[in-house]
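>>> Whatever this is, show me its structure:
(chains A, B and C)
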Amino acid sequence: MPPRKKRKTAAPATSNSKEISKPIISNTVIGPKYECWLMKSEPESRYENGIDVKFGIEDLINEPNQTACWDGVRNYQARNFMRDQMKEGQLAFFYHSNCRPPGIAGIIKIVKEGYVDHTQYDSKDPHYDRTSTKENPRWYMVDVQFVRKTKRFIPLSELKDMYMKHKQIDGPLSNVALFTRARLSVQPLTSEEFDFILSLEEAAE
DNA sequence: GCCAACGTTGGC
DNA sequence: GCCAACGTTGGC
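Predicted structure coming up:
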């Protein structure tokens, strides 16, 4: 199951009180601080169990309030980021995957923190999980809202060139999850990584 | 459509 | 808890 997403929602913002099991940052080992994100979604039609999982940035723009729940993520690391670490107001890149060309299309923000992904209980949903129970939900999602498109599409190829370069010189993208954990559909970015990538939208390549 | 990388499952 | 088999992601 693909961590792809979406459709529906536009949840009014009762901020959720649930989830108390927060992360607790054991800073015994100090890792990078993640306050920004990259979220992948497929902008082109693809059918899973007969249902189109297409959800590109234009689809988000067309949602009520330009807001959608990021349902359908079925990977534990990605879930943990959404459930435990994403905070309201944080920014994320909207990344187009499984298309040509792949890359960053826009910026979104987290408008509702982690809560139970209802699609896990829906037997008709492509991401139905028959083993998850209401008493002990397995999958979580957040709500995101469109902020803006990037001034230009920032292709993966360009990010990869930067990554390769930065690995040599220990530049800002030398550890970026997009390449060090390529298959994760919800990825963390440090502010430095986020800002560097954002600065690329100005450049003419 | 191919397939490398990597996550998950389940036997032992 | 190991690890082989299998499934998925997603670039190309």
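
>>> Would you mind confirming that A:His118 is in contact with A:Asp71?
Yes - in this structure A:His118 lies within contact range of A:Asp71 using C-beta atoms under 8 Å: 7.2 Å. The C-beta positions use only the backbone N, C-alpha and C, and glycine is treated the same way.

>>> who has more neighbours, those two?
A:Asp71 (27 against 15; other C-beta atoms under 10 Å).

>>> The more buried one - that's part of a strand, no?
No - per DSSP: H, G, I helix; E, B strand; the rest coil, A:Asp71 lies outside any strand segment and is coil.

>>> right, and it touches A:Pro126 too?
No - using C-beta under 8 Å, A:Asp71 is not in contact with A:Pro126, being 10.3 Å away.

>>> count of neighbours near the residue in chain A that DNA strand B sits nearest to?
The nearest approach of chain A to DNA strand B comes at A:Tyr76, 4.2 Å away (C-beta to the nearest atom of the strand). The number of residues packed near A:Tyr76 is 11, by other C-beta under 10 Å.

>>> and if you look at A:Asp122?
Around A:Asp122 there are 13 residues (other C-beta under 10 Å).

>>> packing partners for the helix or strand where A:Gly114 lies?
Secondary structure from DSSP states H and E places A:Gly114 in strand A:103-116. Packing partners of strand A:103-116 (3 or more C-beta pairs under 8 Å, 6 or more residues apart in numbering; DSSP states H and E): strand A:36-41, helix A:57-61, strand A:91-96, strand A:140-155, helix A:156-169.
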